[in-house]
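>>> Sequence plus the predicted model coming up.
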Amino acid sequence: MNKMIVSNLVHRPIRSVISIVAIAAEVTLILLIVGLSIGMLNDSKARQAGIGADIMVKPPGSSVIGNLSSAPISVKVADVIKQKVPGVKAVAPVLTQFNTSGAVEILYGIDIESFQALGRPFTFIAGGPFAGPDDILVDEYIAQSKKLSVGQTIRELNHDFRIAGIVASGKGARKFMPIKTVQELLGADGKASIFYVKLEDSKNTDAAVQQIKQIPGMSSYVVQSVEEWLSLMAPDKVPGLAAFINVVIGVSVCIGFLVIFQSMYTAVMERTREIGILKSMGASKAYIVRLILRETLLLSVVGIVVGIVFSYAASAGLVRAFPTVRIMVEAEWVLKATAIALVGSILGALYPAFRAAQKDPIDALAYE
């Protein structure tokens with residue numbers, strides 16, 4: 001049977017190649033889209049954790065997951081937290097701005113001294129801290145992707161900034177500007193979007209969160225530990241992400257199902273006389289079904305292997321071409337994509353297989 005299956009596939013190379021490519025595309029679509037989603041999510045988590053804060057304080061009405069706010073509040077909140085909550089080591093106000101000019105990114109307006117007091121200081125790969133109000137810091141991936149260097153001028157928020165330093169990635173955003181400059185450009189003088197709080201002892205985080213909420217006028221603020229925020233950044237908890245992944249999987253399954261269905265159905269029609277000969281020689285219906293399904297299985301396995309190899313190669317190529325893109329092709333999703341492709345292919349071959357098994361040997365032998 002195995003020799004017959006291989007011979008059938010080799011005898012019809014175009015149909016076999018199209019089937020393999022379709023299954024490979026199905027696997028690649030799942031692994032790259034899911035890998036990109038999870039990779040960017042994990043990258044965001046790692047950069048937030050890298051800031052070094054224990055608590056995040058956001059204005060009322062802010063998203064529990066997101067770090068953007070359309071209603072920034074007074075930077076004086078930082079002083080209030082320091083005065084009212086014991087054990088606070090540092091509070092850093094940050095004014096965030098969602099930027100879609102050239103790329104989708106979040107800009108951070110920071111007070112560099114308080115921001116670095118939250119954890120480890122910036123690691124400068126080139127240049128140094130802000131030397132003036134029109135300076136900007138960019139991380140290594142932005143510098144690499146856009147071929148930027150210290151002293152070069154870039155335009156952000158319709159304003160020209162001089163690159164003062166290139167820093168190691170992993171501290172929140174990828175671009176940092178003086179908070180006062182961002183406040184002026186956005187018309188938000190004395191305002192901040194989020195406050196990062198560093199405690200003397202992180203074991204007191206839960207107590208500090210409750211104390212901040214009990215400060216008069218701050219009961220409606222969104223106050224959460226960084227640990228809690230990180231736990232919420234999972235595919236099944238981010239609104240819409242799980243649904244997006246399910247849609248991608250659904251589209252992929254449809255691609256594999258339809259291509260295999262058409263391929264196997266056409267093969268059955270083309271091999272009507274062959275099937276009639278097999279049945280006249282005593283081949284059972286189960287034998288014919290197994291023949292079609294095993295042929296499908298071989299196509300699927302080859303297509304899956306090609307898809308996995310291409311996914312790893314494509315992810316490496318994308319990261320090289322776009323350094324800020326993070327793609328994680330996890331072993332768990334490789335197994336899931338394999339199972340999904342196999343199930344979709346087998347389902348697509350079931351009807352053609354049973355159709356072949358039902359053929360009458362006399363009619364099949366007389367078929368022209």
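Right, received. Where do you want to start?

>>> Quick one: mean pLDDT over the strand of greatest length in the chain.
Identified as the longest strand of the chain according to DSSP state E is strand 88-99. Computed over strand 88-99, the mean pLDDT rounds to 90.

>>> Sheet-wise, list the partners of it with their directions.
strand 105-110 (antiparallel), strand 194-199 (antiparallel) (DSSP bridges).

>>> quick one: which of the ones you listed is nearest residue 50?
strand 194-199 (11.5 Å; CB to CB). Using the backbone N, CA and C atoms, a C-beta is placed for each residue, glycine as well.

>>> Name the residues that touch the closest one?
51-58, 62, 67, 69, 77-78, 81, 85, 87-94, 96, 115, 117-119, 205, 208, 212 (CB atoms under 8 Å, 6 or more residues apart in numbering).

>>> Tell me the buried residues within those residues.
Listed as buried from the contacts of strand 194-199 are 51-58, 62, 67, 69, 77-78, 81, 85, 88, 90-94, 96, 115, 117-119, 205, 208, 212; burial here means 16 or more other CB atoms under 10 Å.

>>> Now do the strands in this structure.
Using DSSP E, the strands of the chain run over 55-58, 73-74, 88-99, 105-110, 124-127, 135-139, 153-156, 159-167, 175-178, 191-192, 194-199, 222-225.

>>> Quick check: which of the ones you listed is nearest to residue 342?
The minimum distance between residue 342 and those falls on strand 105-110, with 39.1 Å, by CB to CB.

>>> so how far is that closest one from its chain's centroid?
21 Å (CA atoms, centre = their mean, to the nearest Å).

>>> Likewise for stretch 26-41?
The chain centre lies 6 Å from the centre of stretch 26-41; the measure is CA atoms, centre = their mean.

>>> Give the buried residues for that stretch.
26-39, 41.

>>> Give me the contacts around it.
Contacts to stretch 26-41, defined as CB under 8 Å, 6+ apart, come from residues 233-235, 238, 241, 244-245, 248-249, 251-253, 255-256, 303-304, 307-308, 310-311, 314-315, 325-330, 333-334, 336-338, 340-341, 344.

>>> now these: which count as buried?
233, 238, 241, 245, 248-249, 252-253, 255-256, 303-304, 307-308, 310-311, 314-315, 325-329, 333-334, 337-338, 340-341, 344.

>>> shaky segments in this structure?
1-12, 64-71, 100-103, 236-237, 239, 264-265, 267-283, 356-368 (pLDDT under 70).

>>> Show me how the record splits it into domains.
According to automatic domain parsing, the chain comprises the domains 2-43+239-366, 60-220.

>>> on that earlier part again, can you dump the C-alpha atoms of the longest strand of the chain in CSV for me?
Output of strand 88-99 as CSV, limited to C-alpha atoms (Å, rounded to 0.1, in the frame of the first residue of the first chain):
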residue,chain,number,x,y,z
VAL,A,88,7.9,54.5,49.6
LYS,A,89,11.4,54.7,48.0
ALA,A,90,10.5,56.6,44.8
VAL,A,91,7.6,57.7,42.7
ALA,A,92,8.1,58.5,39.1
PRO,A,93,5.4,60.3,37.1
VAL,A,94,5.2,59.4,33.4
LEU,A,95,3.3,61.1,30.6
THR,A,96,2.5,58.5,27.9
GLN,A,97,1.5,59.3,24.4
PHE,A,98,0.2,56.8,21.8
ASN,A,99,2.1,57.6,18.6
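
>>> Pull the contacting residues for residue 137.
With CB under 8 Å, 6+ apart, residue 137 has these contacts: 122, 127, 129, 130, 163, 164, 165, 166, 167, 175, 176, 177.
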